[in-house]
Each structure stands twice: as structure tokens, then as C-alpha cells.
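S.K.: Here is my input; please provide its structure:
(chains A, B, C, D, E and F)
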4 protein chains.
Amino acid sequence: MAISQEDKYEKILDAAIEAFAEVGYHSCQVAKIARMAGVADGTIYLYFKNKEDILIRLFKERMGRFIELIRSEMDSCQDTRSRLRAIVHTHLTYMENNRALATVSQIELRQPDTSLYTAIAFPLRNYFRLIEEVIEEGIKQNEIIPSFNVHVARQMIFGTIDRATTDWIFARSERSLSKDTDCMLELFSAALGLPKEENIKKKNEI
Amino acid sequence: MAISQEDKYEKILDAAIEAFAEVGYHSCQVAKIARMAGVADGTIYLYFKNKEDILIRLFKERMGRFIELIRSEMDSCQDTRSRLRAIVHTHLTYMENNRALATVSQIELRQPDTSLYTAIAFPLRNYFRLIEEVIEEGIKQNEIIPSFNVHVARQMIFGTIDRATTDWIFARSERSLSKDTDCMLELFSAALGLPKEENIKKKNEI
Amino acid sequence: MAISQEDKYEKILDAAIEAFAEVGYHSCQVAKIARMAGVADGTIYLYFKNKEDILIRLFKERMGRFIELIRSEMDSCQDTRSRLRAIVHTHLTYMENNRALATVSQIELRQPDTSLYTAIAFPLRNYFRLIEEVIEEGIKQNEIIPSFNVHVARQMIFGTIDRATTDWIFARSERSLSKDTDCMLELFSAALGLPKEENIKKKNEI
Amino acid sequence: MAISQEDKYEKILDAAIEAFAEVGYHSCQVAKIARMAGVADGTIYLYFKNKEDILIRLFKERMGRFIELIRSEMDSCQDTRSRLRAIVHTHLTYMENNRALATVSQIELRQPDTSLYTAIAFPLRNYFRLIEEVIEEGIKQNEIIPSFNVHVARQMIFGTIDRATTDWIFARSERSLSKDTDCMLELFSAALGLPKEENIKKKNEI
DNA sequence: GATGAATGAGATTTCATTCAT
DNA sequence: GATGAATGAAATCTCATTCAT
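M.R.: Numbering: from 1, shown residues only, chains lettered A, B, ... in the order given. Below you'll find the model as predicted:
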């Protein structure tokens, strides 16, 4: 029984992601989610307070996972470049593997003044903070010479990844998103003044 | 009379921008727009087909203006760096001076599968194309050595500016948005491998 | 236009009385009221906040009228007996002429803890107070020798009239309700120790 | 087991009385009754056909008991006055001791056109009949000189007691209800022309 | 018999749009 | 052209009742 309930909760959440991605939160009827989840309309309300609650929990849980994932990937990184690579690669790969979730985020995360924004603001800010910490650590370790505003550098890193994701969603093509990891990383490295990969290798070889 | 009609059309559009920015397109009642525009509900339908039509025309006209403005700013630019500066500065300044419009763009431009997206896709793609042309021209003029994908570089430039705008909207503070122009420009220059400003000057002096 | 709107408001109120009387407030759908009033469902909400608001205004306005009527009838009365007669007669006649309203009152006025009760409590208490004042004035004028609790006497007077009304409603027969005025008045007179009508006349004749 | 079943049935009935008294029949969810009775929602349907059936049986059984009680109290009465006293006193005391039941009766007994009314009409009519019989017996025994309509006299007696009960319920105070027995009895005696208590005693002494 | 998760019919209310004035 | 009262389709959410366990 416990498993079945857990299942149903997840089933509804999965259906909601697909449904929201397809038509957008506002145009999506609860009945559509129910149908896609294979449950009755009323069942939704056994697991969620209301329609907005679905959206909020969806982000809290699924996006929460994403940020945890990035953090854990970071632990095994020794230098700024590999940390940046971890961020870019994990972000793009996660979105690639969760296209519907990515779609919903791109669309619904911009609504200001909603309880959704309040709910999601904290984890998102955490993510921003994480990126900024990577840069600051790079500066402390003398890997980066700080000729820029860390805040703006973070906007560049997140903004670029986010825009690439948006383009990928709207393109609807089957092309890969994560394939741009290296290119993006080179741009960021150059922007931040990180030494090129080959140089690092050379330094290590000596 | 002709002027009065023109007036009313613009009044409704202005009211709609404010109203959409305040509560979002979906939560915004047509009656609210009418009230804010100082016209009767029914009058709106003399100038617009329906609620979505307001949004579409709003973008087409106001964002269209924006892109034209960027293009015209570009004409007086001689090199890649000043072209990039024109883009960044014009974009940030325009949004700063049209906060409500900026808000609406950030929010509503992401809805997939709407006639809105179809309507806006073309001018937006034009803007993207413009950015890419600046980069390509820089490569052709040997200002930039192309060690990256132009597409991704454009995502970086637009994504960074766009993210900065989003942050500025959500911050709700009175701080300036355009003040980050220089910082952003340095990051882009470094990323694209453009020579530093002082070097350019020196070259010109010689 | 003004007349038409006033009309519509009253039409809805009239329809609501009939509808509530027929099936009770809770079982009555807003759609039924709309149909009976000859308007669209949504029109109801141009004139009333919600379903409960209809019920509240219904009582406030229609029952308010009733109590005002009793008060005005009272003004022309010189002694306790004629005042009591005015109360009994006006009450029974009003209910007789407004059967649906009477039905709704009997049913819905007993719901405790509703905003309806809060809304109606004041005028009802006023009515109770009025009855008690009639008795107290009778005592002051030496028409009544106070061998009882005024409060209980009021419960008797109102309770009897109210019960007669309830019986009349449930009987569904076409028999008159107000025909019992005299009988009721004699019972009240005897209960309160008022002299019989003939005695009064005699006293006056002497 | 048989006892346990009986128990559960009564437990549900008791819970229903409390629940209905608290929020009213219509606003009361079956789940609330179940919770208050300490059983599962579904269990209710093993003992009752549906929600309305709970209300009907509640009245039939609990109010039935009440009327039986009055009848039995009556058996030991020798004259009209003591019979009336038995009615008033038993009625008020019973309600005082069963406040929740009293509340439910006051509220729900007025719904027209329900199977509830049909179900309750018979015992209630029996009670009315009982009161009328007391009056008629008083007339036959020459205790009362019939200058009134027996029907109306009954409305007075029941109406007064009933109104006092309603007032007591809505007052929510802890004051006694049955304390008004004597006062009420004096009013009824005077109204019906019954000799005063002291006179009766004298008559008996002679 | 007892459970309580699941059901889905149904009711209120909103609001984009129309159209008589 | 302008109005704004009226419309009625549509969507969320509730809750009495069922039924597999």
C-alpha cells in the first residue's frame, strides 16, 4: 500500500511535468493531469492541496534534486576549470534528460509574485551562490585574476547555460544540448582569464 | 478623430503593459486593462481581436522598436567592440527605461505553442542573427580568432544580458541595470579574444 | 437603464425566495435561481457577491420591511391590547401574503454560526425587544399585573405566532393563517391578565 | 460481537448529533462523523444507507425516546395542570440534558420536502396530538372553559417551549433552561383559564 | 465486518467576449 | 465609434459513496 501511494504521488508529478510542458501551467487543466496520470480528478487532491501546490512541489523536489546533484559533482573537482565543467555539464545533461521539466522551468519560473517564486527563489539563489563561490575560490587560489564583477560573471555563466537550454527547448530538434559543454567552457575560461587546458597540462608535466 | 483613435490604441497598449507586468498575462483581466486605459471593456475589442492579440501586438510593436533601435545604433559603429557595446548598452538601457515592458517580456515570452511565440519568434531570431553577424564580421575583419561556435557565443551574449535583466526585475531595487555595461563588455571581449581597449588605442596611435 | 437594473436585482431576489422556499437554501443551485429569474448564471454575480449574499440580503431587505411595518402599525395604537393585536395581525398577514419568504425564514433562520445569523440577529432581536416593550408599557400603564417574566411572555407571543406560521407552511393547505388572530389574542390577553374586550368597552361607556 | 455492533451504531449516532449540532447537517462531512465516532468512513455505510439516513434515524430514535418519556411522565398525573407541568418540565429538561440533539432539531427539523420531514412528521404530530388531548381532557373534566381553539392553544404551548429552547441554544450561555418551567406554566394556566394552584389545593382540602 | 484510498458527478464562480443602446 | 450589462462556457475543487484488500 505504501508503495502504491508513493507511486501515485510520483505518477501525478510526472504527469504534471509533461502536461505543464505541453501547454503551460495556466492552460493546463487539472483534469488533463489526472488523465495523463491515470487517476481520477479527485485523487489529485488527496496528494496535493491544489493546482499550484503541484507546481511548487514539482520544482522543490525535482529542481532540488538537480542542485544537489551539481553540488555532489563538485566535490570531486580539484580546480576551477573542472568545477565550471561540472556545472555546465551537469546542468546541460540534466536538462537534456528531463526535457519536460526543463520546459516547465523555462516557462513558469519567471512568474513574479507567485508562491511558486517564493518557493523556488531559495534553491535558485543557492545555485547562484554556488557559481559565485566557484569563481571566488578561483580568485583566492590565484587561478583567476579578478578584472570583473563576480556577480556579472555569474550572470554570464548561468545566463549562457539557461539560454542554450531555452534555445534547445524551442528548437524541438533532437540535437544534443550537452555537446556544447566544451565550447561553453572555453568561452567562460577565456572570459574569466583561466589558463588554457594545454597550458595546465604542460605545467603539470614539468 | 484619427488622432483620438490612435491615442486610444496606444493607451490600451500602455495600460496592457503595466497590467501584464503587475499581475501577469493570465491573471490579468481585460477589464483591468480597460480600467487602466480609461476606456470601456468593449472598446478594447474595437482595436484588438482578443486578449492574446493585445499581447502579440504589444511585443511586435514595442519590441520591434527595440530591435530597430539597436540596428540603428549599430550603423555608427566601426569595430566589433563598439558594436558589442552598442548592443549591450542599448539593450540594458532600453529595459531600464521600460521596466514594465521588460517584465512582460521576461515572463510571457517563454510560453510555448502560443501564437505569441510564433509572432515574436521572427523578430527575436532577427536579433539573434544580428548578434551573430557582429561576431562573424569580427572574424572576417581578423579582430576575432574563431576558437568557438558562433551560435554558442551568441547564446552567451544574449543569455548574459537577458539574465541580468531578469535579476534586475526580480530584485525590485532601484539600482541601475545599465551600469554593468562595461563589465559585461570586458567579459565578452575576453571570451571572444578581442584585444583590450588600450591596445586598440595604441594600434590606432601608431 | 436604472430601472432595468433595479428590476433585475429584485427579480433575482424574488426568484431566490421562491427557489429557496421550494428546495431549501443548500439544495438550491445558483443556476436554478438564474433560470427562475430569467437571467444568465453569471448575471447573479453582477448583483450579489455570492450565493450566501443572496440569502443575507433577502432577509435584510424583506424581513427588514416586515419589522418596519409592524413598528408603523404600532404607532396608531393606544393600549396594550391593540398593540398586541397589531403585532399578531401584521405578522400573520405578512406571512400569509409572502408565503415563500415565510417558508425560507422558517427554514434558514435557524442555522447557527452562519453570517446569515449574524446578519439577521440584530433585526430579530429588535423585534423581540419591541414585543417586550409592549408588555412593559402595559405594566407601567397598570393594564397588566406582572405575575410573570417578561422574557418568557415574549417567548410565548413570538413562539405561538411563529409556530402557527410553521404549521401553516407545512400544512400546504389554502386555509387562512390570519384568521387565528383573535383566538391568539384572547389567549395572550388571558395569559398576561389583560381585561377582556367587553369589560374595556364597558369601562369606557361608564 | 453483537454488542460491539450495537456499540458502533450508537457511537456513530452520537457522533453525528455532535457533528450536526456543531456545523449543521449540510456542512457536515461524513468523514467528520466517522472521525468523531472513531470509525472508518466506509464503516458508516455498513450501518446507515446514506448521510440522510443518519439524520432520519437520529430523530426517529432519539426524539422517539423523548416523546415516550413525556407519555410515561403523563401517566402519573391526575389533573390538567400537572399534565401540562409534566410536558413543559420534561421537554425543557430533556433538551437541557441533550443540547446537541436540541440544536439539531431546531435547525434541521424545518427542512421541507425531505424524507426527513416525512420521517419525523408522524412522531411530531403525535406529540401535538398529546398536547391537544391534555387540553380536551381538561375541558371534559370541566377544568377548562373552552373559549379558544384547541389547535391554537396547542400552538401556544408547543411554540412557547420551542422558542424558549431556540433562544437557549443561540444564547450559548450556561444558564438553565428548565428554570422557566413554573413561569411558563402560570402563563399557560392563565391563558387556558385553569384555576390557580392555591385554589386547587383548597378545593382538595375541603 | 472494517478500512480508507479512490472515484467522479456536480456546484460555484470567473471572465473573455458580445451586442443592444 | 463607445459603452458596459449580460452572457454562458469552462475550470477548480469537494465530498458522498464505493469497493478491493
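
S.K.: contacting residues around A:E73?
M.R.: By CB atoms under 8 Å, 6 or more residues apart in numbering or on different chains, the contact list for A:E73 reads A:A86, A:T90. From N, CA and C alone the C-beta is placed, and that goes for glycine too.

S.K.: Let me see the mean pLDDT of the strand or helix carrying it.
M.R.: Assigned by DSSP states H and E, A:E73 falls within helix A:64-75. In this model, helix A:64-75 has a mean pLDDT of 90.

S.K.: in it, what counts as buried?
M.R.: A:F66, A:I67, A:I70, A:E73, A:M74 (16 or more other CB atoms under 10 Å in any protein chain shown).

S.K.: Report the next helix or strand after that helix in sequence order.
M.R.: Using DSSP H and E, the first helix or strand after helix A:64-75 is helix A:80-97.

S.K.: Domain boundaries for chain A, per the record?
M.R.: A:1-48, A:58-199 (automatic domain parsing).

S.K.: and of these, who's closest to DNA strand E?
M.R.: Closest approach to DNA strand E among the domains of chain A is made by domain A:1-48 (1.6 Å; CB to the nearest atom of the strand).

S.K.: Hmm, A:I144 is touching A:A191, no?
M.R.: No - checked against CB atoms under 8 Å, the pair A:I144 and A:A191 is beyond contact range at 10.1 Å.

S.K.: Contact partners for the residue positioned nearest the centre of chain A?
M.R.: For chain A, the residue nearest the mean C-alpha position is A:H91 (5.4 Å; CA atoms, centre = their mean). Contact analysis of A:H91 by CB under 8 Å, 6+ apart lists A:F66, A:I70, A:I161, A:T165.

S.K.: Could you rerun that using 6 Å?
M.R.: A:I161 (CB atoms under 6 Å, 6 or more residues apart in numbering or on different chains).

S.K.: most tightly surrounded among the domains of chain A?
M.R.: domain A:58-199 (a mean of 18; mean count of other CB atoms under 10 Å in any protein chain shown).

S.K.: Any residue of that one touching DNA strand F?
M.R.: No - figure legend: domain A:58-199 not in contact with DNA strand F (CB under 7 Å from any atom of the strand); closest approach 11.9 Å.

S.K.: Just give me how far that domain sits from the chain centre.
M.R.: Domain A:58-199 sits 7 Å away from the centroid of its parent chain (CA atoms, centre = their mean, to the nearest Å).

S.K.: so what's the nearest residue to A:Q141 once chain neighbours are set aside scoring on pLDDT?
M.R.: Excluding its sequence neighbours, the residue lying closest to A:Q141 (CB to CB, 6 or more residues apart in numbering or on different chains) is A:T80, at 7.1 Å. pLDDT for A:T80: 95.

S.K.: any idea how far A:T80 lies from A:H26?
M.R.: Distance of A:T80 to A:H26, given as CB to CB, to the nearest Å: 41 Å.

S.K.: same check, this time on A:H151
M.R.: Distance from A:H151 to A:H26, counting by CB to CB: 32 Å.

S.K.: Same question for A:D75.
M.R.: Taken as CB to CB, the span from A:D75 to A:H26 is 39 Å.

S.K.: Can you pull the residues of chain A lying near chain B?
M.R.: A:24, A:26, A:106-107, A:110-111, A:148-149, A:152, A:155-156, A:158-160, A:163-164, A:180, A:183-184, A:186-187, A:190-191 (CB under 6 Å from any CB of the partner chain).

S.K.: got a list of what A:V104 touches?
M.R.: Contacts of A:V104 (CB under 6 Å, 6+ apart): A:I17, A:F20, A:A21.

S.K.: I am finished for the moment; much appreciated.
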